[in-house]
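> need a 3D model of the following:
(chains A and B)
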Amino acid sequence: MTRIQTITSGNLQESVKTGGCGECPTSCQSACKTSCGVINQPCENSK
Amino acid sequence: MVHQYKLAGRNMVLDTNSGSLHQVDDLAYDAIARYETHTREEIATELLARYSYMPDVNPGEIAALLDDIAALESAGQLFTPDIYQDLATGIGQTHGAYKAMCLHVAHTCNLSCAYCFAGTNQSHGGAALMSFEVGKAALDFLLKHSGTRQNLEVDFFGGEPLLNWDVVKQLVAYGRTQEERWDKHFRFTLTTNGIGLNDEVMDFANREMDTVVLSLDGRKSVHDHFRKTPDGRGSYDIVVPKFQELVRRRGGKGYYIRGTFTRHNLDFTEDILHMADLGFTELSMEPVVCPPDAPYALTETHLPTLFTQYERLAAEMERRNQTGQSFRFYHYTLDLDHGPCAHKRLVGCGVGTEYLAVTPSGAFFPCHQFVGDPAYAMGDVWQGVTTPAVAAALASCNVYTRPACHDCWAKLYCSGGCAANAYHTSGDLRGIDAYGCTLFKKRLECALALKAAGCIL
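Residues are numbered from 1 along each chain as shown, chains lettered A, B, ... in the order given. The predicted model follows:
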């Protein structure tokens, strides 16, 4: 693909089957305290 | 849903439902924009006309491009369907274990920062310190009501938690004694203005706290404008050397330098860069949360300036990344490959369902931003959660129960936004904080562009 560079091949749909353990950090608890963005939270199971 | 935008000379394409991110040229950008609404023939005709000045654009090239787009669609990396609504429907029933607490160990402070939302909390109940007994009961509640969750987060918050330091240390010690018995692990965080930091506090915090959040607004003039001692002196010169020493001794453990910007420092990128120039690398800078009529509130008229600032920040981070001076900005830190699962993205922070704030007297509220609101009192450390209606209302909040989120490209990245901000700005838990949404989307666009630039953040 010369005109399309894939930066990341997402696997979010796969996580419907594998996710939900709940061990990840609470989104705003440890840094911002005033907003909610989950995308910067790492998955515990990927460590 | 596909979100396309152009930023800093890059054409970005985000397939929101898969999380796939692409950088494309102009021809592909236009083809993708038309792919779902036009036939191949219509796209080819339009693009051949539009790009007739480019010698390499011909029918064969466009056919190959459309084949590439079709291949990405088949691979689940473009035009991926939204499959998450059913998961959202059931998710409120499957959760129910608490895993995080914000302990307001001191509803008092040794600074008088005019913009402090916690100051409102203190005005509800007056100055107060949490006793060890209350804190212990809070930890016991968390241990007993965390189900199979192993990692438990506890933030020592305020006011200023160092004003109740002995109790903080006692609670950490108590928590550690319970970890083996309950097969749990506490992750403690300390959020401090830094005034009370000394050698003993630094050593303890660096040993026991997974994260320390250090409040600094940036440049001395900006920091000292709001963050004053009770006698009106700025606190920059007091706290900066202490923060530098604490971080130097921290040995790589987590921390954030966390600032707030207001209408008085719309050029907040300068404050972030100032933090970086002080030697800090883990940075967070938040728009002020306050009533819209506050003299320091951000308004719609400020948005173009803020957008420019976020773009400038991204450009500067890219430049510094190339020269070995990189730092991380909380909102530009993305883990696209190993980030949160779909479940997490649907419910977000878990306010009131996985997360509780505890006042000095032991009262439960859904989070630190609800503290003091009687409509959101949820019980206490002794009786547990006693307001099932409040808990149910919070459990029902997800990206699919917020009408304004239905067609938003960013909903799986913000998880519907902050419930407290939504409630305080719209009056509805299932509403949105539209201003916050606008800023969030701009930050996300900048962060994704940084990924395309190859920045490891």
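> point out where chain B drops to low pLDDT.
Along chain B, the model assigns pLDDT under 70 to residues B:92-96, B:118-125, B:456-457.
> ok, B:Val289 touching B:Cys116?
No - assessed by C-beta atoms under 8 Å, B:Val289 is found out of contact with B:Cys116, at 9.9 Å. From N, CA and C alone the C-beta is placed, and that goes for glycine too.
> which residue packs closest to the residue nearest in space to the middle of chain B, ignoring adjacent ones?
Closest residue to the average C-alpha location of chain B: B:His331 at 6.5 Å, with C-alpha atoms, centre = their mean. The shortest distance from B:His331 to any non-neighbouring residue, by C-beta to C-beta, 6 or more residues apart in numbering or on different chains, is to B:Arg443 (4.4 Å).
> can you pull the buried residues of the helix or strand harbouring the one you found?
Secondary structure assigned from DSSP states H and E places B:Arg443 in helix B:434-452. Under the neighbour-count criterion of 16 or more other C-beta atoms under 10 Å in any protein chain shown, helix B:434-452 has B:435-437, B:439-452 buried.
> what is it packed up against?
Using 3 or more C-beta pairs under 8 Å, 6 or more residues apart in numbering or on different chains; DSSP states H and E as the contact test, the elements touching helix B:434-452 are strand A:4-8, strand B:2-7, strand B:10-15, strand B:20-24, helix B:303-322, helix B:411-414, helix B:419-426.
> most tightly packed of the ones you listed?
Burial of the helices and strands packed on helix B:434-452 is given as mean neighbour count (mean count of other C-beta atoms under 10 Å in any protein chain shown); helix B:411-414 ranks first at a mean of 25.
> now the helices for chain A?
For chain A, helices defined by DSSP state H occupy the ranges A:15-18.
> show me what contacts the nearest residue to B:Lys441 once chain neighbours are set aside?
Leaving aside its sequence neighbours, B:Lys441 sits nearest to B:Ala410 (C-beta to C-beta, 6+ apart; 5.0 Å). Taking C-beta atoms under 8 Å, 6 or more residues apart in numbering or on different chains as the contact definition, B:Ala410 lies against B:His3, B:Thr16, B:Cys437, B:Phe440, B:Lys441, B:Leu444.
> what number of residues lie near the second one?
The reference is to B:Thr16. Neighbours of B:Thr16 under the rule other C-beta atoms under 10 Å in any protein chain shown: 20.
> do the same with B:Thr37
Count around B:Thr37 with other C-beta under 10 Å applied: 8.
> give me the most central residue, chain A.
In chain A, the residue lying closest to the centroid (C-alpha atoms, centre = their mean) is A:Ile39, at 4.6 Å.
> double-check that B:Glu245 belongs to a strand.
No - checked against DSSP: H, G, I helix; E, B strand; the rest coil, B:Glu245 lies outside a strand; its state is helix.
> so it sits against B:Ala205, correct?
No - B:Glu245 is beyond contact range of B:Ala205, at 11.5 Å (criterion: C-beta under 8 Å).
> and those two? which has more neighbours close in?
The neighbour count for B:Glu245 versus B:Ala205, taken as other C-beta under 10 Å, is higher for B:Ala205 (27 against 14).
> who are the contact partners of the more buried one?
Neighbour list for B:Ala205: B:Leu190, B:Val212, B:Leu246 [criterion: C-beta under 8 Å, 6+ apart].
> tell me which residues touch the closest residue to B:Asp267 other than its chain neighbours, please.
Closest residue to B:Asp267 apart from its sequence neighbours, by C-beta to C-beta, 6+ apart: B:Gln309 at 6.4 Å. Contact analysis of B:Gln309 by C-beta under 8 Å, 6+ apart lists B:Leu266, B:Asp267, B:Phe268, B:Thr269.
> which one among the residues you listed gets closest to B:Ala33?
Nearest to B:Ala33 among the contacts of B:Gln309: B:Thr269, at 30.8 Å, using C-beta to C-beta.
> re earlier: pick the one among the contacts of B:Ala410 closest to B:Leu163.
Distances from B:Leu163 to these, taken by C-beta to C-beta, are shortest for B:Phe440, at 33.0 Å.
> my guess is that closest one contacts B:Ser415. True?
No - B:Phe440 is beyond contact range of B:Ser415, at 10.4 Å (criterion: C-beta under 8 Å).
> shared neighbours, those two?
Jointly contacting B:Phe440 and B:Ser415 under the rule C-beta under 8 Å, 6+ apart are A:Gly37.
> contacts only, for the spatially closest residue to B:Cys405 that is not a sequence neighbour.
Leaving out its chain neighbours, the residue that sits closest to B:Cys405 by C-beta to C-beta, 6+ apart is B:Lys411, at 4.5 Å. Remark: with contacts taken as C-beta under 8 Å, 6+ apart, B:Lys411 is in contact with B:Thr16, B:Val399, B:Cys405.
> burial measure for the last one, as a count.
If you count neighbours by other C-beta under 10 Å, B:Cys405 ends up with 20.
> output the below-cut-off pLDDT ranges for chain A.
In the predicted model of chain A, residues A:27, A:29-31, A:36, A:46-47 satisfy pLDDT under 70.
> try it again with 90
By pLDDT under 90, the low-scoring segments of chain A are A:1-2, A:10-11, A:17-47.
> dump the contacts of B:Ala205 into JSON lines; add distance to chain A and neighbour count as well.
Below are the contacts of B:Ala205 laid out as JSON lines (distance: C-beta to the nearest C-beta, whole Å; neighbours: other C-beta atoms under 10 Å in any protein chain shown):
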{"residue": "B:Leu190", "distance to chain A": "10", "neighbour count": "26"}
{"residue": "B:Val212", "distance to chain A": "9", "neighbour count": "29"}
{"residue": "B:Leu246", "distance to chain A": "16", "neighbour count": "22"}
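> could you report the neighbour count for the residue nearest to B:Gly147 when sequence neighbours are not counted?
Distances taken as C-beta to C-beta, 6+ apart place B:Ala97 nearest to B:Gly147, at 3.2 Å, with adjacent residues excluded. Close neighbours of B:Ala97, defined as other C-beta under 10 Å, add up to 15.
> got it, and B:Met378?
Neighbours of B:Met378 (other C-beta under 10 Å): 20.
> distance-wise, check it relative to B:Met101.
From B:Met378 across to B:Met101, the span is 12 Å (C-beta to C-beta, to the nearest Å).
> what's the overlap in contacts for these two?
Here B:Met378 and B:Met101 have B:Leu356 as joint contacts, going by C-beta under 8 Å, 6+ apart.
> still on that earlier bit, now the helices and strands packed on helix B:434-452 in a markdown table, with distance to B:Arg345?
Output for the helices and strands packed on helix B:434-452, formatted as a markdown table (distance: least, C-beta to C-beta, whole Å):
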| stretch | distance to B:Arg345 |
| --- | --- |
| strand A:4-8 | 15 |
| strand B:2-7 | 15 |
| strand B:10-15 | 14 |
| strand B:20-24 | 15 |
| helix B:303-322 | 22 |
| helix B:411-414 | 5 |
| helix B:419-426 | 15 |
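> right, so of the ones you listed, which gets closest to B:Asp68?
Checking the helices and strands packed on helix B:434-452 against B:Asp68 by C-beta to C-beta gives strand A:4-8 as the closest, at 5.8 Å.
> could you list the residues in contact with that closest one?
Here strand A:4-8 has contacts from B:13, B:19-25, B:28, B:65, B:68-69, B:72, B:77, B:336-337, B:451-452, using C-beta under 8 Å, 6+ apart.
> repeat that with 6 Å
For strand A:4-8, contacts defined as C-beta atoms under 6 Å, 6 or more residues apart in numbering or on different chains pick out B:Leu21, B:His22, B:Gln23, B:Val24, B:Ala28, B:Asp68, B:Leu336, B:Lys451, B:Ala452.
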